[in-house]
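Q: here is the input, now give the coordinates:
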Amino acid sequence: MADIEVENYKKSVIRAVERWVGKLKDIQKKREKLEDPDKGSPEIDKLIEKANMELRADLILLDPPEKGKADEKELLKLPAWMKEIIKAKGIPVAKGISIVPNVDFDLKTMKLKSFGVTVNF
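A: Predicted structure coming up:
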């Protein structure tokens, strides 16, 4: 049975990632309206960067469950789960281009150490 503290944290992460995906979908719609969507634009680049920074802030501000209050086995599974859920939500921005976040989680403090985004062409 899953620990309630861990489940609540997971739900919060999923909501943050879903907000990010929604923003990227809106950006994709704007990108499709460009004269040459494959070329992109500085405006689109700025919107993507803003969406990524907002996701980073959302994830860093979330407080993961404390070691003493949550099942230790469940806590150890969190970093791998977090990486997988965010990678799974990485969505295409255009034909042949996708955005995938890089997540680094500190197991000792149970805090997000860093978050970045890779653009794959």
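Q: where does this structure have low pLDDT?
A: Along the chain, segments meeting pLDDT under 70 span 1-2, 90-101, 105, 107-111, 117-121.
Q: now do the strands in it.
A: Ranges of strands in the chain, per DSSP state E, are 92-94, 97-106, 111-120.
Q: identify the single longest helix in the protein, thanks.
A: Using DSSP state H, we find that the single longest helix of the chain is helix 4-32.
Q: other SSEs contacting it?
A: For helix 4-32, the packing partners by 3 or more Cβ pairs under 8 Å, 6 or more residues apart in numbering; DSSP states H and E come out as helix 42-61, helix 72-89, strand 92-94. C-beta coordinates here come from the backbone N, C-alpha and C atoms, glycine included.
Q: buried ones in it?
A: Residues of helix 4-32 classed as buried: 5-6, 9-10, 12-13, 16-17, 20-21, 23-24, 27-28, 31 (neighbour count, 16 or more other Cβ atoms under 10 Å).
Q: pick the one among those closest to S41.
A: Lowest distance from S41 to the buried residues of helix 4-32 (Cβ to Cβ) belongs to R31, with 7.8 Å.
Q: how much space separates that closest one from D45?
A: 10 Å (Cβ to Cβ, to the nearest Å).
Q: returning to what we had before: tilt between the longest helix of the chain and helix 72-89?
A: Calculated by axes from the mean of the first three to the mean of the last three Cα atoms, to 10 degrees, helix 4-32 forms an angle of 10 degrees with helix 72-89.
Q: angle of helix 4-32 against helix 42-61?
A: Angle, helix 4-32 to helix 42-61, by the same axes, to 10 degrees: 180 degrees.
Q: chain center to helix 4-32: distance?
A: Its chain's C-alpha centre and that of helix 4-32 lie 7 Å apart, by Cα atoms, centre = their mean, to the nearest Å.
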